[in-house]
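Chemist: Any chance you can model this:
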Amino acid sequence: MLKRLAIDIVLVVLIAASVGMLKSQSAPLSPPKEGITKGDSSQNEKKQSQPAQDQNKPIELTAADVEMEPAPCDEACQQGRRNLEIQGKLEWFTGVLAFVGFLQVGTMIWQAILLWKTRGDIHAQADLMKEQVRDARESGRQTFSVLKEQADTALIQTNAAKERERARLGIRSLDVPKVLGPESILDGMRPLRVCAFVENFGRSKAFNARAYGILDIVSDPNSRPRERGFLQYFPQIIDEGSVKHPLKLGGFGREFEDVASSGDALLVSEEMIQEIRNGNTFIQASGKLAYEDIFGDSHTVPFRFVWKSVGDDDGGKWLTRSFWLDCRPPSNEQDDPDPDYDIANPN
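Modeler: You can find the predicted model right below:
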């Protein structure tokens, strides 16, 4: 914009200068004087009295000796002079217009050059901006990738910390199975009772702890555990430590005809007890624990133990080396095998 204004000012100055030159050159010159007037009579007489040899010399005249007189100019002469004057002005004006035209053409060429240069600069800037956008996108992807890796790392660390600090309920010990004497009210059946002990061996408290436990008499120690038994609630909060909370197991076993159940015992016949003592059949205690940790996460822990009667017969209720075999699933299978089953509402 400033360049265009400067060019317009230069054009105005040039036009003004051209008009001034036209005015100065179009001023009329004084018409030449024509004719020579005669001198006075005394000079003529003096010249006539000169000797004859002086007549052959050229006559030298000065500006004082002659006087120019303007030639007569009629109306046609005046009109011709005016035409010549107008023609001269037109020639100058035409020259000025041509000069101005050349200046305008030069200005247009200069503007075209500037426009072309500006176009090149704009294209270069556009290419630079595209490159910057690509760099920004690549940087954004790299930043997102780094942030995602950091978030994943933080999540892993958080989960590891939670696993390290959370509560962990489990059963690590059970009492020796107790067989009570036959009762007439039970038609000669003998109650079999088993008590497991729930412990919190984690680093924080467990909340809303509950469990299902059940006793079975099975012919195969690898039988599938039963996890739907009698529901039992523990203290609302189970502190971390060595305190053991008893879990009394009842039974629903119906694999054998002479097996019945009650709420806290499994009713078996004398013959069935002898089969267990001889190692032909097995007592299975199974179920699952449920609780929440301090982080609000819920956990379900299945358990399964099998009583094996082995060893020597010393006259006691069980053989000498009888023991509970821990048959719970590996740690990577601790999730609830039946996600649609609600431990608090089995029906």
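Chemist: what's the least confident helix or strand in the protein, going by average pLDDT?
Modeler: The weakest-scoring helix or strand in the chain, judged by mean pLDDT, DSSP states H and E, is strand 33-34 (a mean of 44).
Chemist: In contact with the closest residue to residue 293 other than its chain neighbours, which residues?
Modeler: In space, and not counting its chain neighbours, residue 293 is closest to residue 166: 4.0 Å by Cβ to Cβ, 6 or more residues apart in numbering. C-betas here are computed from N, CA, C, even on glycine. In this structure, residue 166 makes contact with 202, 203, 204, 293, 294, 295, 297, 299, judged by Cβ atoms under 8 Å, 6 or more residues apart in numbering.
Chemist: 6 Å - rerun?
Modeler: 202, 204, 293 (Cβ atoms under 6 Å, 6 or more residues apart in numbering).
Chemist: quick one: which helix or strand includes the second one?
Modeler: In this structure, residue 204 sits in neither a helix nor a strand according to DSSP states H and E.
Chemist: Hmm, residue 167 and it touching each other?
Modeler: Yes. The pair residue 204 / residue 167 is scored as a contact, 5.2 Å apart, by Cβ atoms under 6 Å.
Chemist: Of the two, which one has the most company?
Modeler: More crowded of residue 204 and residue 167, by other Cβ atoms under 10 Å: residue 167, with 24 against 17.
Chemist: Let me know how buried residue 248 is, in neighbour terms.
Modeler: Neighbours around residue 248, by other Cβ under 10 Å: 16.
Chemist: Going by neighbour count, list what's buried in the helix or strand encompassing it.
Modeler: According to DSSP H and E, residue 248 maps onto strand 245-251. For strand 245-251, a neighbour-count test (16 or more other Cβ atoms under 10 Å) marks 245, 247, 248, 249, 250, 251 as buried.
Chemist: Quickly run through the sheet partners of that strand, with directions.
Modeler: Strand pairing for strand 245-251, using DSSP bridges, gives strand 190-200 (antiparallel), strand 206-218 (parallel).
Chemist: could you dump these to a markdown table with mean pLDDT?
Modeler: Listed next are these as a markdown table, based on pLDDT from 0 to 100:
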| stretch | mean pLDDT |
| --- | --- |
| strand 190-200 | 89 |
| strand 206-218 | 87 |
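Chemist: Indicate which one of the ones you listed is closest to residue 152.
Modeler: strand 206-218 (28.7 Å; Cβ to Cβ).
Chemist: Tell me the neighbouring strands of the helix or strand that the closest one is followed by, and mark each as parallel or antiparallel.
Modeler: Per DSSP H and E, the first helix or strand lying C-terminal to strand 206-218 is strand 230-233. Applying DSSP bridges, strand 230-233 is found paired with strand 206-218 (antiparallel).
Chemist: pLDDT weak spots in the chain?
Modeler: By pLDDT under 70, the weakly predicted segments of the chain are 1-72, 183-186, 225-230, 251-264, 329-347.
Chemist: Now do the strands in it.
Modeler: In the chain, the strands defined using DSSP state E lie at 33-34, 69-70, 169-174, 178-179, 190-200, 206-218, 230-233, 237-238, 245-251, 259-261, 266-268, 282-292, 298-308, 323-326.
Chemist: Can you say which of those strands is nearest to residue 101?
Modeler: Of all the strands of the chain, strand 69-70 sits nearest to residue 101, with 41.9 Å by Cβ to Cβ.
Chemist: what residues are up against residue 292?
Modeler: Contacts of residue 292 (Cβ under 6 Å, 6+ apart): 207, 208, 298.
Chemist: from these, which is closest to residue 84?
Modeler: Once Cβ to Cβ is applied, the member of the contacts of residue 292 that ends up nearest residue 84 is residue 298, at 118.0 Å.
Chemist: Check the spacing between residue 170 and residue 289 real quick.
Modeler: 7 Å (Cβ to Cβ, to the nearest Å).
Chemist: if you count what's nearby, which of the two comes out ahead?
Modeler: Between residue 170 and residue 289, residue 289 has the larger neighbour count (other Cβ under 10 Å), namely 23 against 15.
Chemist: is it true that the more buried one touches residue 209?
Modeler: No. Using Cβ under 6 Å, residue 289 is not in contact with residue 209, being 7.1 Å away.
Chemist: How about the backbone phi and psi for residue 234?
Modeler: Backbone geometry at residue 234, expressed as degrees, to the nearest 10, gives phi -100, psi -180.
Chemist: Spatially nearest residue to it, not counting backbone neighbours?
Modeler: residue 209 (4.2 Å).
Chemist: measure the nearest residue to residue 314 once chain neighbours are set aside to residue 311 for me?
Modeler: Computed as Cβ to Cβ, 6+ apart, the closest residue to residue 314 that is not its neighbour in sequence is residue 320, at 5.6 Å. For residue 320, the distance to residue 311 equals 4 Å [Cβ to Cβ].
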